[in-house]
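Trainee: Could you look at this predicted model? Sequence included:
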Amino acid sequence: MGGVSEGDDVLARWSDGLLYLGNVKRVDGVKQCCLVRFEDNSEFWVLRKDIHSFSVGVEEVCCVCDAPPLKEPLINCLKCRHGYHPECHTPSIEPEADSNSWICRQCVFAVATKRGGAIKRGRFARLMQIMKLRLPYQLSSLDWDPQHLTNQQQCYCYCAGPGEWNLKMLQCGSCGQWFHEACTQCLTKPLLYGDRFYEFQCSVCASGPETIQRLPMSWVDLAHLVLYHLSLCCKRKYFDFDHEIMSFANENWDSLLLGSLSDTPRQDRCHNLLNALNSNKDRFVSGQLLN
């Protein structure tokens with residue numbers, strides 16, 4: 001497998017859109033993946049497309065097509081030192097780009113992506129916004145499931161990395177692709193797991209900065225969102241109403257962006273949320289009924 005060998009230190013993109021440092025233990029050229037050991041000693045198979053390696057010197061072939069320079073020399077990234085034909089990079093490298101300070105898409109995303117949302121100010125934020133105007137793959141080439149939640153290529157977002165739709169991702173209302181929280185620059189608060197109460201448009205479809213709008217939520221929606229988030233975080237099905245459900249809601253009240261519900265006095269929240277749970281037994285089951 002070109003560019004990656006056993007023993008190499010690499011950055012591997014995870015399903016949250018972030019890059020993690022690891023070491024290649026095995027290479028499978030047939031399946032185009034590597035067994036990577038991460039800093040916590042965990043080991044996972046990672047697709048080659050999701051691995052970013054480092055070059056020890058100035059490369060003599062393009063890291064995308066493996067071909068040597070054509071009419072003009074390759075442009076090498078200031079950070080990772082990989083070389084690119086101008087047309088092989090997404091977006092294409094402009095002729096006036098300074099070859100001594102140019103930074104590739106992979107390295108821009110490595111710096112700009114963050115938990116809770118990508119950086120919004122500074123050079124790397126501006127570079128990221130430019131990069132996000134084009135996807136590094138053809139959206140029409142992806143094979144989706146009937147619900148349009150997963151694709152066979154494991155290719156999502158601006159970064160073309162893996163992802164899980166219910167683990168802090170936003171779906172573009174125009175193109176249907178899913179985007180990592182870590183790669184978006186429009187969020188004012190971090191996402192909760194499974195939070196689909198947003199109307200979002202990606203930078204490609206917006207031809208500029210992303211747009212996002214919080215959808216109206218009912219008490220039933222809030223109950224569902226809190227329980228779903230807690231179930232994924234705690235890996236349990238049932239939670240104490242006062243000490244876990246209500247406690248989480250109160251502690252994160254401002255971050256939930258509840259619109260008209262936001263002004264509900266603290267003393268009234270408990271009654272409204274409990275009523276939503278008890279009045280919708282087709283959606284919520286009390287753990288007390290199982291004892």
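Mentor: That came in fine, so what should we check first?
Trainee: CA only for contacts and neighbour counts going forward, please
Mentor: Will do.
Trainee: the longest strand in this structure is where?
Mentor: strand 19-28 (DSSP state E).
Trainee: What lies in contact with it?
Mentor: 1, 4-14, 33-39, 110 (CA atoms under 8 Å, 6 or more residues apart in numbering).
Trainee: separation between the closest residue to Leu258 other than its chain neighbours and Leu261?
Mentor: Leaving aside its chain neighbours, Leu258 sits nearest to Met217 (6.3 Å; criterion: CA to CA, 6 or more residues apart in numbering). In this view, Met217 and Leu261 are 8 Å apart by CA to CA, to the nearest Å.
Trainee: Spit out the contact partners of Leu11.
Mentor: Counting by CA under 8 Å, 6+ apart, Leu11 touches Leu19, Tyr20, Leu21, Gly22, Ile51, His52, Ser53.
Trainee: again but with Cys175, I slipped
Mentor: For Cys175, the contacting residues are Cys205, by CA under 8 Å, 6+ apart.
Trainee: Before we move on, what's the pLDDT of Met169?
Mentor: Met169 is assigned 98 on the pLDDT scale.
Trainee: and what of Cys63?
Mentor: Looking at Cys63, its pLDDT reads 89.
Trainee: Give the full set of residues in contact with it.
Mentor: For Cys63, the contacting residues are Gly3, His82, Gly83, Tyr84, by CA under 8 Å, 6+ apart.
Trainee: What of Arg214?
Mentor: Counting by CA under 8 Å, 6+ apart, Arg214 touches Phe197, Tyr198, Glu199, Leu257, Gly259.
Trainee: Check those against Ser174 and report the nearest one.
Mentor: For those, the minimum distance to Ser174 (CA to CA) is 9.9 Å, reached by Glu199.
Trainee: Okay, and that closest one sits in which element?
Mentor: Assigned by DSSP states H and E, Glu199 belongs to strand 198-201.
Trainee: what's that strand in contact with?
Mentor: Contacts of strand 198-201 (CA under 8 Å, 6+ apart): Leu170, Gln171, Cys172, Gly173, Ser174, Glu210, Thr211, Ile212, Gln213, Arg214, Leu215.
Trainee: Distance from that strand to the middle of the chain?
Mentor: The chain centre lies 15 Å from the centre of strand 198-201; the measure is CA atoms, centre = their mean, to the nearest Å.
Trainee: residues making contact with the helix or strand that comes right after it?
Mentor: Sequence-wise, the next helix or strand downstream of strand 198-201 (DSSP H and E) is helix 203-206. Helix 203-206 has contacts (CA under 8 Å, 6+ apart) with Gln129, Lys132, Leu133, Arg134, Leu135, Ser174, Cys175, Pro209, Glu210, Thr211.
Trainee: Tell me if the fourth one really is in a helix.
Mentor: No. In this structure, Arg134 is coil, not part of a helix, as judged by DSSP: H, G, I helix; E, B strand; the rest coil.
Trainee: if I pick it, what's in contact with it?
Mentor: Shown in contact with Arg134 (CA under 8 Å, 6+ apart): Thr90, Pro91, Tyr158, Val204.
Trainee: which residue ranges form the strands in the stretch 1-150 of the chain?
Mentor: In the stretch 1-150 of the chain, the strands defined using DSSP state E, counting those that start in this stretch lie at 9-13, 19-28, 33-38, 43-47, 51-52, 75-76, 83-84.
Trainee: who wins for proximity to Arg115 among those strands?
Mentor: Checking the strands of the stretch 1-150 of the chain against Arg115 by CA to CA gives strand 19-28 as the closest, at 11.2 Å.
Trainee: What about the residue nearest to Asn100 when sequence neighbours are not counted, how many residues nearby?
Mentor: Once flanking residues are discounted, Asn100 sits nearest to Leu78: 6.7 Å by CA to CA, 6+ apart. Residues lying near Leu78 (other CA atoms under 10 Å) number 16.
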